[in-house]
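[1] Sequence plus predicted model, see below.
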Protein chains: 2
Amino acid sequence: MDKKPAGKSEPPGKRINAKRLAEDLDVSISTISRAFNKDAVIAPETRSKVLDYADRLGYRPNPYAQSLITQKSRIVGIIVSHLENPFYPEALRGLGEALREAGWHVMLFTVPSGETPDDILPLAISYQPEFVIVMAVTVSSRAQEVAERAGTKLIYFNRRDPDSSTFFVICDNAHGGGMIADHFIDTGCRRLAYIAGFQNASTTLDRWRGFRDRCIARGVSDVWREEGFSFSYEAGYRAAIRLMKRHPSPDAVFCASDIIALGCIEALRTEFGLRVPEDVSVAGLDNIEMAAWPSHSLTTYSQPLDRMIEATVKLIEEISIGAESETVAWQIKGDIIVRKSTRPPPGGKRSEVVPDSPA
Amino acid sequence: MDKKPAGKSEPPGKRINAKRLAEDLDVSISTISRAFNKDAVIAPETRSKVLDYADRLGYRPNPYAQSLITQKSRIVGIIVSHLENPFYPEALRGLGEALREAGWHVMLFTVPSGETPDDILPLAISYQPEFVIVMAVTVSSRAQEVAERAGTKLIYFNRRDPDSSTFFVICDNAHGGGMIADHFIDTGCRRLAYIAGFQNASTTLDRWRGFRDRCIARGVSDVWREEGFSFSYEAGYRAAIRLMKRHPSPDAVFCASDIIALGCIEALRTEFGLRVPEDVSVAGLDNIEMAAWPSHSLTTYSQPLDRMIEATVKLIEEISIGAESETVAWQIKGDIIVRKSTRPPPGGKRSEVVPDSPA
DNA sequence: ACGATTGCTGCAAACGATTGCAGTCCATTT
DNA sequence: AAATGGACTGCAATCGTTTGCAGCAATCGT
C-alpha cells in the first residue's frame, strides 16, 4: 500500500516492543523496562537515551503485558446511569480528567434504560478494573459482594449506601436541604413543598430530611412532599402538575435536583400561568451549568464537584497503595447560590450578578 | 503445600485462572481455553463441564492475557472534547451502549480544556484500542498518521476530514442548512444570518455552505455570517450581541448548533428586548433533548443519532473482520423539526411530532 | 592494597491465556 | 485384519512486560 519509509528507519512491519528497543540500543529488555519505571535503579544517561529513542519510535510499554505481570490494571471503571441529567456529564468530565492526570485509565459503562447498574457490574468487572465508581442513584447491596469477589473496589459517587461499608463521596445533601429551607423561610415563604427524585435514592432522602427538619425546627409545619420518581425535566414537569392539584398554591418549591426544578418551573408557568418567583419560589440542588443561564437563573445549592472529585481521586490513590484509609467516606458541604427563581431576600442581595430581563 | 482437595469451595486466596480449572477438572489448559472459544473444536460435554465449573468459581478468561496473545483488545477508545454541548452526552450514551452490545469495551478520554484531541490521542492509543472514535470537532490530519503507526483505526464521528481518507460518520449537514434556509424563506424571512461554531470545524463549514447556497439559489442574497468561535451557550449569547451591532435587525438566525441557538435566543430577548419568533426566527441544528422543552421549543434539524450510531458500529464490525469496506464514510440525512422558535409556515403546521420520512 | 560497598545492568522466571501441530482413541472402510 | 479417517485433547511456544537475584566494574574505607 502507501507505506512511506518514515524518517530514519521503519524496518519490519512489526509492532515495536521492548525487545526491539533493546536490540537497537544494545541494552537488555530489563533496562528498557527500568527506564520507564519511575523509581527503578538505572543510570540517568541510560534512561534518557532509552526514553529519547522510545519517543522517536513512538514506543510505549504494552499495558496488557504490564497488567498481566503486575496484577494491576490501573483501570477505573465508571458506571453511569443517567446521562440525561446534566449533572452527570459534568461530573464525568471532571472525574475523567482528574483520574487520567493521576495515571488511571477510565473505562465507561452506561446503563441502558431497561437495566440497573447491577446488571452492568459483572461486565465492568470482567475487565478487572481496580476500582469501579458507581455514579448512579440506585444500586443493590449485592453489588458490593460481587465486586469484592473479583478483587475490585467499589466507590459510590453522589450516593451512599446505609447498609454497606462501601466507600462513598457525596455532598452534604441534608445541609443543602436545610439551606434552601432557610432561604425560603427568610424570604417570607410559608407554604412549602418538595419534589422528590427516585424514591429510594439517598440523595432524594437526605435532601428531604434536611429540608423538612429545618422547616420544622423553624416552626413551619406546612411542608408538602410530592414524588417525582426520577431526576429529569419531564419528572419535574409532571410532578409539578400533580403537586398543584393536591396541594394548591404553595409559595415555594424545593426540587430534588436542578433539572427537576427546570421542569417544575416550566409547568408552573405554562400549565398554571404562575410567575416565578413572584407567585412561587423554586429552587433546585446541583448547580449545573444551565442553572446559571439567564433564561433559567435558578436558585440552587451547589454540589462541590471539584472537591468531590478531588476526594474521589485521593481515596482511590490511598486505597491503591494499601493505606487502609480511615476516611472511608467523604461528605462535603456546598453553598447556596441565590438567583432569580426565588424571591429576593430582605436585603435584596443575590449571590450572582445576572443580566437584567426586559420589563 | 496447602493444597486442598478440589472439593466444593474456595481453596487458596489466589486468583482463579485456567490452570486452576484445568487441575480441578483434570483436563489441560488448552481445553479450558477452547471451552470459552466459540468456534473451537471441543466435545460438547467437555465444554459444558468446564463452563459450569467456571461459572461456579466465577472464572472468566483474563482479558489481558487474551489481548497479549491475540493482539486484539476488543477495546474502542472514544475521545470526546466538548461534553458541555449536550449533543455529546447523548451521542456518547448511545454509542457506548451500541458498542457494548456488539461486544466491545469502551474506554473514554475527555479532552481537558487547554488541550486538543491530538494531545490525547497518544494516550488513548497506548492502550492499543482497535479503534478510536473521535467525537470532537477539530483534529489535525497528523492524527491519522499517529494512529496508523500504532495499528489503531481512527473514526470520526460528527466530523469529516477533507484531506485524509479517515473513516467518518456524519449527518448531512449541508442538507440541514438547506432545509433551514428553505423554512426561513418559506415563512417570509429575507434578512438572514448564520452564527458559526468553531471556525474550521467541518460541521460549521458544511452547515454554512448548505444554508448559504440554498439562500442564493432562491434569490435571497442578504445572508450575514457571524463567527461564534465555539459550540456553546455563551458563544451563542455573545455572537448574537455582535451580530446585532454589525448587522442590525435580521429576521431569521440559523445557528450552527442547538446550544448556540439557545444562547442566541436568550441574548436577543434580554439584551435587545426582541421576541422570538415574532421579531426574529431562530433555528439550530442537532435536536438535543432540551430543544423540545416547552421553554425553548427550538426549531432545528435533527441529527439522526440512532442511524449514525448504527452506521458506526457496523463500520467497526466490518473493518474488524477484515472486510475492506468500500463505504468508508457515512453521511446520513436528518429531518427538519419545526417548533415555536421560528415563524409558523403559511399553513400553520408545525412538526412537533418528528416526521418519519424514509431515506 | 584489599575487601566491602555502591551503582548499574543482564538473566531468567513469571503472568494467563491462544493455537499449530502432533498424538490418541475409536469407528468405519476396504 | 489392517488401514483410514474423524473427533478430541495435550504439548509447548508465544505474546511483552516486571523484578528478584546475581554479576561486575568502579569507588570507598582503613
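    Done, it's in.

[2] hey, where'd the helices end up in chain A?
    Per DSSP state H, chain A carries helices over the ranges A:18-25, A:29-36, A:44-57, A:63-70, A:87-101, A:117-126, A:142-149, A:173-186, A:202-217, A:233-246, A:258-272, A:305-320.

[3] Just send these back as a markdown table, with distance to residue A:134 and mean neighbour count too.
    C-betas here are computed from N, CA, C, even on glycine. Shown next, in a markdown table, are the helices of chain A (distance: least, C-beta to C-beta, whole Å; neighbours: other C-beta atoms under 10 Å in any protein chain shown):
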| stretch | distance to residue A:134 | mean neighbour count |
| --- | --- | --- |
| helix A:18-25 | 37 | 16 |
| helix A:29-36 | 32 | 19 |
| helix A:44-57 | 37 | 14 |
| helix A:63-70 | 22 | 17 |
| helix A:87-101 | 12 | 21 |
| helix A:117-126 | 6 | 19 |
| helix A:142-149 | 7 | 16 |
| helix A:173-186 | 17 | 23 |
| helix A:202-217 | 12 | 21 |
| helix A:233-246 | 21 | 21 |
| helix A:258-272 | 20 | 24 |
| helix A:305-320 | 11 | 18 |
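
[4] which stretches of chain A have low pLDDT?
    Across chain A, residues meeting the criterion (pLDDT under 70) sit at A:1-14, A:162-163, A:323-327, A:347-359.

[5] now with 50?
    A:1-12, A:353-359 (pLDDT under 50).

[6] I'd like the helices of chain A written out as CSV, with distance to residue B:291 added.
    Formatted as CSV, these follow (distance: least, C-beta to C-beta, whole Å):
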stretch, distance to residue B:291
helix A:18-25, 52
helix A:29-36, 48
helix A:44-57, 46
helix A:63-70, 41
helix A:87-101, 17
helix A:117-126, 29
helix A:142-149, 36
helix A:173-186, 29
helix A:202-217, 27
helix A:233-246, 12
helix A:258-272, 14
helix A:305-320, 26
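
[7] Same list (these) but as JSON lines, adding distance to DNA strand D.
    Below are these laid out as JSON lines (distance: least, C-beta to the nearest atom of the strand, whole Å):
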{"stretch": "helix A:18-25", "distance to DNA strand D": "3"}
{"stretch": "helix A:29-36", "distance to DNA strand D": "3"}
{"stretch": "helix A:44-57", "distance to DNA strand D": "9"}
{"stretch": "helix A:63-70", "distance to DNA strand D": "3"}
{"stretch": "helix A:87-101", "distance to DNA strand D": "18"}
{"stretch": "helix A:117-126", "distance to DNA strand D": "19"}
{"stretch": "helix A:142-149", "distance to DNA strand D": "24"}
{"stretch": "helix A:173-186", "distance to DNA strand D": "41"}
{"stretch": "helix A:202-217", "distance to DNA strand D": "38"}
{"stretch": "helix A:233-246", "distance to DNA strand D": "47"}
{"stretch": "helix A:258-272", "distance to DNA strand D": "44"}
{"stretch": "helix A:305-320", "distance to DNA strand D": "14"}
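
[8] and residue B:174, which of the ones you listed is closest to it?
    Residue B:174 lies closest to helix A:87-101 among the helices of chain A, at 28.6 Å (C-beta to C-beta).

[9] how far off helix A:258-272 does that closest one point, in degrees?
    For helix A:87-101 against helix A:258-272, the angle by axes from the mean of the first three to the mean of the last three C-alpha atoms, to 10 degrees is 160 degrees.

[10] And helix A:87-101, what does it pack against?
    With contacts taken as 3 or more C-beta pairs under 8 Å, 6 or more residues apart in numbering or on different chains; DSSP states H and E, helix A:87-101 sits against strand A:75-80, strand A:105-110, strand A:131-135, helix A:305-320, helix B:87-101, strand B:105-110.

[11] Let's have the ones you listed in a markdown table, adding distance to DNA strand C.
    As requested, those are exported to a markdown table (distance: least, C-beta to the nearest atom of the strand, whole Å):
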| stretch | distance to DNA strand C |
| --- | --- |
| strand A:75-80 | 15 |
| strand A:105-110 | 18 |
| strand A:131-135 | 19 |
| helix A:305-320 | 19 |
| helix B:87-101 | 19 |
| strand B:105-110 | 15 |
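
[12] got those as JSON lines, with distance to residue B:172 columns?
    Formatted as JSON lines, those follow (distance: least, C-beta to C-beta, whole Å):
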{"stretch": "strand A:75-80", "distance to residue B:172": "31"}
{"stretch": "strand A:105-110", "distance to residue B:172": "27"}
{"stretch": "strand A:131-135", "distance to residue B:172": "35"}
{"stretch": "helix A:305-320", "distance to residue B:172": "37"}
{"stretch": "helix B:87-101", "distance to residue B:172": "16"}
{"stretch": "strand B:105-110", "distance to residue B:172": "26"}
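
[13] which stretch among the ones you listed comes nearest residue B:128?
    strand B:105-110 (10.2 Å).

[14] is any part of that closest one close to chain A?
    Yes. Using C-beta under 8 Å from any C-beta of the partner chain, strand B:105-110 reaches chain A at B:105, B:106, B:107, B:108, B:109, B:110.

[15] Remind me what that strand packs against, helices and strands.
    Against strand B:105-110 (3+ C-beta pairs under 8 Å, 6+ apart) you get helix A:87-101, strand A:105-110, strand B:75-80, helix B:87-101, helix B:117-126.

[16] how about the residues of the stretch 1-150 of chain A near DNA strand C?
    Contact residues (C-beta under 7 Å from any atom of the strand) of the stretch 1-150 of chain A with DNA strand C: A:26-31, A:34, A:41-44, A:46, A:65, A:68-69, A:71.

[17] swap the cut-off to 6 Å and go again
    A:27, A:28, A:29, A:30, A:31, A:41, A:42, A:43, A:46, A:68, A:69 (C-beta under 6 Å from any atom of the strand).

[18] Next one: residue A:55 from residue A:49, what distance?
    The span separating residue A:55 from residue A:49 equals 11 Å under the rule C-beta to C-beta, to the nearest Å.

[19] swap in residue A:178?
    As judged by C-beta to C-beta, residue A:178 and residue A:49 stand 61 Å apart.

[20] was I right about residue A:289 contacting residue A:90?
    Yes. Assessed by C-beta atoms under 8 Å, residue A:289 is found in contact with residue A:90 at 6.7 Å.

[21] what touches both of those two?
    residue B:84 (C-beta atoms under 8 Å, 6 or more residues apart in numbering or on different chains).

[22] how about stretch A:334-344 against chain B, any contact?
    No. Stretch A:334-344 lies out of reach of chain B by C-beta under 8 Å from any C-beta, never closer than 11.6 Å.

[23] Is it correct that residue A:224 is in contact with residue A:194?
    Yes. Counting by C-beta under 8 Å, residue A:224 touches residue A:194, with 7.1 Å between them.

[24] more neighbours, these two?
    Neighbour count, other C-beta atoms under 10 Å in any protein chain shown: between residue A:224 and residue A:194, residue A:194 has more, with 27 against 14.

[25] Having no further points to raise, I will conclude here.
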